[in-house]
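1. could you look at this predicted model? Sequence included:
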Amino acid sequence: MPKSLELRCGYGYGSGYWRPDDDHAIMLFRVSRYPENPESIFNIMFHEFVHMLIEKPIIQKYKVPQDLKERIVDLICYEFIQKPVQQMFENSFANKYITPEAIKTDLPGAVQKMMTDYILLQQKQNAAVRK
């Protein structure tokens with residue numbers, strides 16, 4: 001956890017987070033996208049907070065690609081606040097590994113296993129293409 005978290009709100013589309021250093025994090029929320037649904041703002045804030053919490057100890061450590069990272073965050077958010085998941089990631093490789101049980105008991109272990117299998121699958125697919 002960073003020692004301080006700065007929340008910024010703005011206009012436009014998209015939200016995000018970044019950590020200029022280990023002690024400080026910044027989250028940006030473009031709230032004009034959700035003027036009629038304040039619950040969506042909370043969902044986005046929670047989503048970005050989960051990103052921030054798992055980025056270094058899990059995502060960077062196991063070199064998780066963007067699409068799998070988004071699915072992991074979506075599944076965590078759904079498990080804790082029933083935030084609807086992004087449809088573009090519904091049929092993800094991560095689904096087999098990132099279960100409610102794994103989220104609660106051993107998320108790093110589940111991600112490590114997922115990435116080991118994912119890399120093996122990619123290697124097999126690359127070998128088949130070369131033939």
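-> Good, I have the coordinates.
2. can you tell me how far Glu79 is from Lys96?
-> Distance check for Glu79 against Lys96: by Cβ to Cβ, to the nearest Å, it reads 16 Å. For glycine as for every other residue, the C-beta is placed from the backbone atoms N, C-alpha and C.
3. now do Lys113
-> Using Cβ to Cβ, one gets 9 Å for the distance from Lys113 to Lys96.
4. show me which of these two is the more surrounded one.
-> Looking at Lys113 and Lys96 with other Cβ atoms under 10 Å, you find the greater number of neighbours at Lys113, namely 15 against 11.
5. which SS class is Pro2?
-> Three-state call for Pro2 (DSSP: H, G, I helix; E, B strand; the rest coil): coil.
6. could you check how far the closest residue to it other than its chain neighbours is from Asp67?
-> Counting by Cβ to Cβ, 6 or more residues apart in numbering, the nearest residue to Pro2 once its immediate chain neighbours are dropped is Ala25, at 4.2 Å. According to Cβ to Cβ, Ala25 and Asp67 sit 23 Å apart.
7. residues of the helix or strand in which the residue nearest to Pro2 is found that come out buried?
-> Secondary-structure assignment from DSSP states H and E places Ala25 in strand 24-30. Of the residues in strand 24-30, Ala25, Ile26, Met27, Leu28, Phe29, Arg30 count as buried by neighbour count, 16 or more other Cβ atoms under 10 Å.
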